[in-house]
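> Coordinates for the following, if possible.
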Amino acid sequence: MTTNLALARHNMIEQQIRPWDVLDQRVLELIESLPREEFVPAAYLSLAYADLNIPLEHGEVMMAPKLEARMLQALAIQPGETALEIGTGSGYVTALLARSAKHVYTVDIHAGFVQQAQQKLAAHGMHNVTLDVGDASGGWEQHGPYDLIAVTGSLPVLPDSLRRGLKTGGRLFVISGDAPVMTAFLITRVGEDSWSQQALFETVLPPLVNAPQPARFVF
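Numbering: from 1, shown residues only. As a prediction, the model looks like this:
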């Protein structure tokens with residue numbers, strides 16, 4: 001079974017991730033080295049390396065592998081950096097971040113996700129992670145500012161507090177908009193009051209719980 005899963009992981013990289021313009025060798029090696037099946041709910045073990053969002057509890061999902069890979073590539077994480085992850089979920093992206101950054105702060109509104117992720121990260125010997133339970137849909141200032149912010153659910157609108165949670169030179173990956181068309185952005189803080197924004201690709205991802213909503217016209 002282990003051999004089959006290792007082959008499935010390799011095939012995922014060659015057939016899903018590389019063709020989606022993920023060519024950063026560090027990212028490819030990182031994903032190859034971490035057993036994704038150990039973070040997937042038992043009921044979906046057979047789908048650990050499938051090209052789809054895997055359901056979690058509370059209506060949440062694990063992002064498709066190629067989406068996780070594109071996020072890591074866009075963030076271009078350096079070993080000395082600190083990262084904030086908004087939406088711990090399965091803990092898989094948390095683990096990828098922990099193997100890339102100096103320290104990761106991760107927050108989820110669901111306490112069960114945080115507890116399960118803590119156990120999985122400890123089992124992999126990852127101790128450079130601080131896990132919190134809370135609502136970080138508008139940002140998480142407690143340990144900021146951060147070099148990197150990764151948002152693992154979508155946001156219909158981007159709160160300014162998230163951009164301001166970055167250090168100068170810091171990068172934010174976020175998927176913004178409303179279904180059926182959302183856009184993944186990489187936002188970089190280039191100065192005290194200035195940011196650059198790069199549209200990366202279109203996708204669809206469930207919104208964060210309590211995600212800020214755009215103003216709607218009421219007649």
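> Check which residues of the helix or strand of the chain at the bottom of the mean pLDDT ranking are buried.
Least confident helix or strand of the chain, by mean pLDDT, DSSP states H and E, is helix 2-12 with a mean of 89. Residues of helix 2-12 classed as buried by neighbour count (16 or more other Cβ atoms under 10 Å): Leu5, Arg9, Met12. All C-beta spots, glycine's among them, are computed from the backbone N, C-alpha and C.
> Let me see the ranges of the helices in this protein.
Using DSSP state H, the helices of the chain run over 2-12, 25-33, 65-75, 92-98, 111-123, 160-163.
> so which of the ones you listed is the most packed in?
helix 92-98 (a mean of 25; mean count of other Cβ atoms under 10 Å).
> centre of the chain versus stretch 24-38, how much separation?
On the basis of Cα atoms, centre = their mean, to the nearest Å, stretch 24-38 sits 14 Å off its chain's mean C-alpha point.
> quick one: average confidence on that stretch?
What stretch 24-38 shows for mean pLDDT is 97.
> which residues touch the most centrally placed residue in the chain?
Centroid-nearest residue in the chain, with Cα atoms, centre = their mean: Thr152, separated by 4.1 Å. With contacts defined as Cβ atoms under 8 Å, 6 or more residues apart in numbering, Thr152 is in contact with Met63, Glu85, Ile86, Gly87, Thr88, Gly89, Val93.
> And for Pro55?
With Cβ under 8 Å, 6+ apart, Pro55 has these contacts: Pro41, Tyr44, Val61.
> Gly177 bridge partners, please.
Met182 (DSSP bridges).
> Could you dump the helices of the chain into a markdown table with distance to Val181 added?
Formatted as a markdown table, these follow (distance: least, Cβ to Cβ, whole Å):
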| stretch | distance to Val181 |
| --- | --- |
| helix 2-12 | 26 |
| helix 25-33 | 26 |
| helix 65-75 | 15 |
| helix 92-98 | 23 |
| helix 111-123 | 28 |
| helix 160-163 | 21 |
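> Where does pLDDT dip in this protein?
Along the chain, the parts satisfying pLDDT under 70 run over 1-2, 216-219.
> And for the closest residue to Leu28 other than its chain neighbours, the neighbour number?
Among residues not flanking Leu28 along the chain, Ile13 sits closest, at 5.7 Å (Cβ to Cβ, 6 or more residues apart in numbering). Using other Cβ atoms under 10 Å, Ile13 has 19 other residues around it.
> Now for Ile13: which residues touch it?
Here Ile13 is in contact with Leu28, Ile31, Glu32 (Cβ under 8 Å, 6+ apart).
> Quick check: Ala184 touching Gly177?
No. Counting by Cβ atoms under 8 Å, Ala184 sits too far from Gly177 to count as a contact (9.5 Å).
> Now for the closest residue to Leu67 other than its chain neighbours: which residues touch it?
Counting by Cβ to Cβ, 6+ apart, Leu67 lies nearest to Thr203, which is 6.3 Å off, once chain neighbours are set aside. Thr203 makes contact with Leu67, Ile175, Met182, Thr183, Ala184, according to Cβ under 8 Å, 6+ apart.
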